[in-house]
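>>> Structure, please.
(2 chains)
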There are 2 protein chains.
Amino acid sequence: MTKVKHTCLFKWDRSDVLRYKEKGNHFKDITRQLLYPGRPELPVQLRYFELAPRGHSTLERHHHVHMVMVIRGSGEVLVGNEIQKLESFDLVEIPPKTWHQFRATAGETFGFLCLVTVDRDRPELPNAEELAWLKQDPKVGGFIRYEAPLTPVGVQ
Amino acid sequence: MTKVKHTCLFKWDRSDVLRYKEKGNHFKDITRQLLYPGRPELPVQLRYFELAPRGHSTLERHHHVHMVMVIRGSGEVLVGNEIQKLESFDLVEIPPKTWHQFRATAGETFGFLCLVTVDRDRPELPNAEELAWLKQDPKVGGFIRYEAPLTPVGVQ
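Numbering: from 1, shown residues only, chains lettered A, B, ... in the order given. The predicted structure follows:
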C-alpha cells in the first residue's frame, strides 16, 4: 500500500518542498509539493501549492486543465477576465488556454491542491501585446502581477 | 470559470449528497458528493465520501485505482492485507485489483476525497471463497465488515 503521511501542517513525507520555478521573476513566494506522481491506470498528478501572504503564481495559460481545491487559508484567482475569492475547500477549474493567476491577497498563507494530467503542455507567458490586451480591463489590470522577463543588458 | 463553492462544512454547492449505493447491505452510514465530474482534457472524477462514526465502505476490488486524501477526521483503511490509520491530509493509493475497505473507527466522522478515472470498471464483491481467504489473517478478519448479499427466501 502506498500511503503518504501528512507529517506536519501542510507538509507530506516523500514530498520535497520546492520553490516553484526556481528561475524567473513571474511569481513570488510560492512552493510546490508533488503528492501523487500518477501511474498508467490513473495518469494524473496531484500537487500542493502554497503562497505566502502577498505571494502569487505566474500569469500563464496552457492547453491542459487545472482542477484546484483550496485546503489552507484563502486568496483570489484570475481566470480569463474573472476574479474570484477562494476559501478553504472551494474548487475551481481552469479551462484550456485561459490566462490565470493565483494571489494570496487575504494577508494569510494560501494553499491549494492542483490536479493535472501527467502528459501536459508547457505554460505560455503573455507577450507585450497579450498583456496590454489583458490590462484593458481595469479590474484585471489591477489584479495581475507581472514582470517582463529580464532582458540582457549591454555592458555599456 | 467553473467555481464550486464549499457552502458549509464539507458540503459543496452543485453536489447532491447521495447515500452511497442505495441498494445493498455491504456498507454503512456513508455518503458521496461528486465535486468534479471530469472533462475530456482531464478525464477524472473527484468525489468526497463521508462515513459517520462506525460507518464503513463496501469491501471490494476493481481494476481502476483510487487516490485518496483524508480531509475530515480520521479512520482506518484495509488495502490488501494491510490496515493503516489515516488522519486528515494523509494520502493513500488503492492499487488495481486489491481488496479494500474504509472504516470510521475513531469515533468521529471520517471524510476523504477520492480520485478515479471517468472510465472505470465496476467494483467486484468477494465471494464466499475469497472472503474465507481474506479472513485467514485474523487481523484482516477482525477488521472487515461484510454481510452476504440477501438471497431470495422461499415462501415456505
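
>>> Give the buried residues for the longest helix anywhere in chain A.
For chain A, the helix that runs over the most residues, judged by DSSP state H, is helix A:128-135. For helix A:128-135, the neighbour count (16 or more other CB atoms under 10 Å in any protein chain shown) marks A:131, A:134 as buried. C-betas here are computed from N, CA, C, even on glycine.

>>> Can I get it in CSV, CA atoms only?
Output in CSV follows, covering the C-alpha atoms of helix A:128-135 (Å, rounded to 0.1, in the frame of the first residue of the first chain):
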residue,chain,number,x,y,z
ALA,A,128,3.5,42.5,-24.6
GLU,A,129,0.5,42.6,-26.8
GLU,A,130,-1.4,40.0,-24.8
LEU,A,131,-0.5,41.8,-21.6
ALA,A,132,-1.8,45.0,-23.0
TRP,A,133,-5.0,43.3,-24.1
LEU,A,134,-5.5,41.8,-20.6
LYS,A,135,-4.9,45.2,-18.9
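
>>> Now for residue A:63, how many residues are close by?
Residues near residue A:63, counting by other CB atoms under 10 Å in any protein chain shown, number 13.

>>> So for chain A, the centremost residue is which one?
residue A:57 (4.5 Å; CA atoms, centre = their mean).

>>> Contacts for the next helix or strand after the longest helix of chain A, please.
The first helix or strand that comes after helix A:128-135 along the chain, using DSSP states H and E, is helix A:138-143. Helix A:138-143 has contacts (CB atoms under 8 Å, 6 or more residues apart in numbering or on different chains) with A:76, A:78, A:81, A:83, A:101, A:103, A:134, A:135.

>>> Listing request: residues of chain A with sub-threshold pLDDT.
A:1, A:14-15, A:19-25, A:148-156 (pLDDT under 70).

>>> could you redo the last one with a cut-off of 50?
A:22, A:151-156 (pLDDT under 50).

>>> in the lengthiest strand in chain A, what's buried?
Longest strand in chain A, counting residues (DSSP state E): strand A:44-56. Buried positions in strand A:44-56, judged by neighbour count with 16+ other CB under 10 Å: A:44, A:45, A:46, A:47, A:48, A:49, A:50, A:51, A:55, A:56.

>>> Could you check how far the third one is from chain B?
Meaning residue A:46. Separation of residue A:46 from chain B (CB to the nearest CB, to the nearest Å) stands at 7 Å.

>>> ok, the closest residue to that residue other than its chain neighbours - contacts?
Leaving out its chain neighbours, the residue that sits closest to residue A:46 by CB to CB, 6 or more residues apart in numbering or on different chains is residue A:36, at 4.0 Å. Contact analysis of residue A:36 by CB under 8 Å, 6+ apart lists A:4, A:44, A:45, A:46, B:67, B:91, B:93, B:115.

>>> For chain A, just list every one of the strands.
Counting by DSSP E, the strands of chain A are A:2-4, A:6-8, A:11-12, A:18-19, A:28-36, A:44-56, A:66-72, A:75-79, A:82-86, A:91-94, A:100-103, A:110-117.

>>> quick one: strands adjacent to the second one?
Using DSSP bridges, strand A:6-8 pairs in its sheet with strand A:11-12 (antiparallel).

>>> got the contact list for the strand it pairs with?
A:4, A:5, A:6, A:17, A:33, A:35, A:48, B:89, B:91.
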